[in-house]
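Q: attaching a predicted model along with its sequence, questions to come.
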Amino acid sequence: ADAAQTAVYFVMGGPGSGKGTQCAKLVEQFGFVHLSAGDLLRAEVRSGSAQGREIASIIAEGKIVCSEITVRLLKQAMSQRRGPFLVDGFPRSLQNLAAFEAVFEPCRMMLYLQLSEEEMEKRLLKRGLSSGRSDDNSVTIRKRFHTFEHDSMPVVQNMEARGLLRTINADGEEGEVFCRVCAALGLQSA
Ligand code: UP5
Ligand code: MG
């Protein structure tokens, strides 16, 4: 595929900041292709493979799956579709970023959904009542917050230093946040 058709936008933000929700809206209104690294990893877990079991235990601990696995899953998913791509919840570490950039063109931009831990926890615990996600419990949520601050914020800072970061206030109603997301992308929402 040629570079013009494979534009990549990273969508980052802490656990429960609304990445998946905002990506779904961008798909619906503008035809982006949404790739959630977490969803790809959870699909691998459901496949029941030995690697899936390994991934399951990493997710339940709120830790980061090794870059090789995640990049391979992204590569597979991207090879079947034509962009522009929203890569949601990745890269979560500087190592993830380096592994991605060894294979793909640098991203166009990173959207960073910024939200307080209090609000993120509220959203996740509410979702946890019905999500069935092994990591939507208060113990794992705390570990996810720690991993985000420790490993993922350096990626956000790296993007900022490269002038590629757009920080979005993710507090408020979905539609309100979506208006901010569209503005950051220079898109006119219906
Ligand atoms: N909600 C959304 N917007 C709202 C709003 N404006 N007001 C009120 N409620 C709102 O939203 C979360 C919940 O909040 C939903 O119930 C939603 O309705 C509501 P969602 O859009 O799902 O937020 P999102 O940021 O996508 O939250 P998610 O839990 O998916 O974020 P995580 O980053 O924690 O999860 P992810 O799936 O990306 O990763 C899970 C795990 O996989 C990681 O912890 C890690 O162990 C592993 N992983 C890797 O190892 N490597 C990767 O590259 C990716 C994942
Ligand atoms: Mg998500």
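A: Great, that's in hand. Ligands and ions are numbered 1, 2, ... in the order given.
Q: show me what contacts whichever residue of the chain sits closest to ligand 1?
A: With C-beta to the nearest ligand atom as the measure, G38 is the residue of the chain nearest to ligand 1, at 1.9 Å. Every C-beta, even on glycine, is put in place using the N, C-alpha and C of the backbone. Applying C-beta atoms under 8 Å, 6 or more residues apart in numbering, we find G38 in contact with 59, 88-89.
Q: now intersect those with the helices, please.
A: Those of the contacts of G38 mapping onto helices are I59, per DSSP state H.
Q: please see if the top helix by length along the chain touches ligand 2.
A: As assigned by DSSP H, the longest helix anywhere in the chain is helix 117-131. No: using C-beta under 5 Å from the ion, we find that helix 117-131 stays clear of ligand 2, coming within 9.8 Å at best.
Q: likewise for stretch 76-87?
A: No: using C-beta under 5 Å from the ion, stretch 76-87 stays clear of ligand 2, coming no nearer than 11.2 Å.
Q: and the contacts of that stretch?
A: Contact with stretch 76-87 is made by 1, 5-11, 23, 26-27, 32-35, 37, 40, 74, 104, 107, as judged by C-beta under 8 Å, 6+ apart.
Q: switch to 6 Å and redo it
A: 5-11, 23, 32-35 (C-beta atoms under 6 Å, 6 or more residues apart in numbering).
Q: drop anything exposed from the contacts of G38.
A: 59, 88-89 (16 or more other C-beta atoms under 10 Å).
Q: thank you, goodbye.
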